[in-house]
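A.B. asks: Got a predicted structure here, sequence first:
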Amino acid sequence: MTNDRTISRPGMFYGWFVVAAAFTVMMLGFGSAYTFSAFVESLQRDFGASRGSVSLVFSLAGFLYFGLGIVSGPLADRWGSRRLAIAGMILIGLGLAAASLARNLTEVYVAYGLGVGLGVGASYVPAIGAVQRWFVRRRGFASGLAVSGIGIGTLVMPPLAAFFIDTLGWRTAYLVLGGLTAVIGAGMALLIENDPRDRGLGPDGDPVKPGVQSMTPTGASVGEAVRSRQFIGLYIACLICSFGVFVPFVHLVPYALDHDVAKSSAVLLLGVIGVGSTVGRFFLGGLADRMGRHTSLLAMFVGMGLALAIWAVAANVWSLAVFAFAYGVFYGGWVAVLPAVVMDYFGGCNVSGIIGILYTSVAFGTLIGPSAAGFAFDVSGSYMVPILASVAANIVAAAIMVVMSKAAAPA
């Protein structure tokens, strides 16, 4: 008798449920991580710490959650993405709960760094990797829709965290955020499935021809991919741009407060990044399917660089809001298009593992960039040098993409 899970049924294509699950996992995971800027002032005050040392909390977590993809990606290819995503959501909840009990900044490093870092790392690459296998024609759109959860999380979670901090204190705020992430995130992660063939479907809901269901996805091995010119170029471009990519997520609120912006408005600037990010992920992901994903990725690097140039001259809440929206659009587009480009180049056989290795480049940039910006501020009293360095990093990344396009066209 045929298992009813393998029967193609009329109705909504199940790939969209996978997208919805990945959306929620990223909304809660990254949303919890990106609330960190709202906690900087409280952590500095309660632990008597410098801005650089507090920023290092986020940098350590970011290094782990992007670096862990090198492990979680291959594990997802082997064991399935659902298990990794569920474990990640629970780890984030436990990490935030442990951070609420910290007696010093070192304990925040351990609790937040390990909990949020390992949790997002365990869930992000497996979730986005699963989405890639369910789509071909609309891969850019589906990928953009899934990662738009990060944008919605950036819009919703920081103001929510600020509200909890003001009404309950920062410790209880971490506890509440941890509970929400563990319960809702793990519940939605149950919907993630690795491969449409398990439901008797092809990508995009197309019927599968007899005998194709048992075939494994095609594509390059991990070794073939990482030795290729395309992968090396992508890795270097992402490494360089990542030194500046996450600086705004940690330092935009402190920057705004330094320029006499009210705290409530300063925190909302992170939400503006989230709005822009959602627009970028949703619309630019779909646009990339039509104009070419390689070309679109190049445009995202240029756009982030130009947006960061606006930050360099912004001095009030309105100019900062313009920067935040513009930056969010291109940052969101970058996150949406990058996994789809990897799938275009290397196929679906080992896509999660390849994405995981690629994201170690982002891990190193995230480890250094936000904390270096904080220490630069401690020394100079200004963010000008790290902002201009971030602009330059994105322009260099764009130049690398131009060289790649001339050296080899995408598969």
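C.D. replies: Received the coordinates, thanks. Numbering: from 1, shown residues only.
A.B. asks: so where's this protein uncertain?
C.D. replies: The model of the chain has pLDDT under 70 over residues 1-11, 205, 208-218, 285-286, 348, 406-411.
A.B. asks: Now do the same contact list for residue 372.
C.D. replies: 243, 386 (C-beta atoms under 8 Å, 6 or more residues apart in numbering). The C-beta positions use only the backbone N, C-alpha and C, and glycine is treated the same way.
A.B. asks: where's it relative to residue 68, distance?
C.D. replies: Noted for residue 372: a distance of 22 Å to residue 68, by C-beta to C-beta, to the nearest Å.
A.B. asks: how many other residues sit next to residue 244?
C.D. replies: Around residue 244 there are 26 other residues, counting by other C-beta atoms under 10 Å.
A.B. asks: My guess is it contacts residue 390. True?
C.D. replies: Yes - Residue 244 is within contact range of residue 390, at 2.5 Å (criterion: C-beta atoms under 8 Å).
A.B. asks: Could you tell me which residues touch both of these two?
C.D. replies: 308, 369.
A.B. asks: how close does the residue nearest to residue 49 when sequence neighbours are not counted get to residue 368?
C.D. replies: Sequence neighbours aside, residue 105 is the residue nearest to residue 49 in space, at 5.2 Å (criterion: C-beta to C-beta, 6 or more residues apart in numbering). Look at residue 105 and residue 368: by C-beta to C-beta, they are 19 Å apart.
A.B. asks: Same question for residue 50.
C.D. replies: For residue 50, the distance to residue 368 - C-beta to C-beta - is 17 Å.
A.B. asks: With residue 270 instead?
C.D. replies: 21 Å.
A.B. asks: Compare these two and say which one has the larger neighbour count.
C.D. replies: residue 270 (27 against 15).
A.B. asks: Surely that one touches residue 158?
C.D. replies: Yes - using C-beta under 8 Å, residue 270 is in contact with residue 158, at 4.1 Å.
A.B. asks: And the helix or strand hosting residue 334, what's buried?
C.D. replies: Per DSSP states H and E, residue 334 falls inside helix 317-346. Burial within helix 317-346, assessed by neighbour count using 16 or more other C-beta atoms under 10 Å, is assigned to 317, 320-321, 323-346.
A.B. asks: Give the burial count for residue 263, as a bare number.
C.D. replies: With other C-beta under 10 Å as criterion, residue 263 counts 15.
A.B. asks: what's it in contact with, if anything?
C.D. replies: 41, 162, 257.
A.B. asks: where's the closest residue to residue 266 other than its chain neighbours, which helix or strand?
C.D. replies: The spatially closest residue to residue 266, leaving aside those adjacent along the chain, is residue 256, at 3.7 Å (C-beta to C-beta, 6+ apart). Applying DSSP H and E as the criterion places residue 256 in helix 247-258.
A.B. asks: following that helix, which helix or strand shows up next?
C.D. replies: helix 263-279.
A.B. asks: tilt between that following helix and helix 247-258?
C.D. replies: Going by axes from the mean of the first three to the mean of the last three C-alpha atoms, to 10 degrees, helix 263-279 is angled at 150 degrees with respect to helix 247-258.
A.B. asks: which residues are in contact with both of residue 270 and residue 158?
C.D. replies: Counting by C-beta under 8 Å, 6+ apart, the residues touching both residue 270 and residue 158 are 34, 37, 38.
A.B. asks: What about the first one, how many residues nearby?
C.D. replies: Right, the one you point to is residue 34. Counted with other C-beta under 10 Å, residue 34 comes out at 25.
A.B. asks: Check the last one too.
C.D. replies: In terms of burial, residue 38 registers 25 neighbours under the definition other C-beta under 10 Å.
A.B. asks: From residue 148, how far off is it?
C.D. replies: For residue 38, the distance to residue 148 - C-beta to C-beta - is 21 Å.
A.B. asks: Isn't the residue nearest to residue 49 up against residue 47?
C.D. replies: Yes - using C-beta under 8 Å, residue 105 is in contact with residue 47, at 4.5 Å.
A.B. asks: Quickly list what's touching both of these two.
C.D. replies: residue 54.
A.B. asks: Quick check: residue 100 vs residue 270, distance?
C.D. replies: Taking C-beta to C-beta, one finds residue 100 at 21 Å from residue 270.
A.B. asks: next one: residue 163
C.D. replies: For residue 163, the distance to residue 270 - C-beta to C-beta - is 13 Å.
A.B. asks: before we move on, what about residue 54?
C.D. replies: Distance from residue 54 to residue 270, by C-beta to C-beta: 16 Å.
A.B. asks: which non-adjacent residue is nearest residue 405?
C.D. replies: residue 294 (6.2 Å).
A.B. asks: quick revisit: tell me who's in contact with the residue nearest to residue 266.
C.D. replies: 265, 266, 269, 317, 320.
A.B. asks: Now do the contacts for the last one.
C.D. replies: The contact partners of residue 320, by C-beta under 8 Å, 6+ apart, come to 252, 255, 256, 259, 261, 269, 311, 314.
A.B. asks: Kindly recompute the last result at 10 Å.
C.D. replies: Counting by C-beta atoms under 10 Å, 6 or more residues apart in numbering, residue 320 makes contact with 248, 252, 255-256, 259, 261, 265-266, 269, 272, 310-311, 314.
A.B. asks: same check, this time on the second one
C.D. replies: Taking C-beta under 10 Å, 6+ apart as the definition of contact, the neighbours of residue 266 are 37-38, 41, 158, 162, 252-260, 317, 320.
A.B. asks: Identify the farthest-apart pair in those residues.
C.D. replies: Greatest spatial distance in the contacts of residue 266: 158 and 260, 19.7 Å, computed using C-beta to C-beta.
A.B. asks: Among the two, which residue is more densely surrounded?
C.D. replies: residue 158 (28 against 10).
A.B. asks: Hmm, residue 34 and that one touching each other?
C.D. replies: Yes - using C-beta atoms under 10 Å, residue 158 is in contact with residue 34, at 6.3 Å.
A.B. asks: what sits in contact with each of the two?
C.D. replies: With C-beta under 10 Å, 6+ apart as the test, residue 158 and residue 34 both reach 249, 270, 273, 274.
A.B. asks: moving C-terminal of the strand or helix carrying residue 352, what's the next helix or strand?
C.D. replies: Secondary structure from DSSP H and E places residue 352 in helix 351-380. The helix or strand immediately downstream of helix 351-380 is helix 384-407, counting by DSSP H and E.
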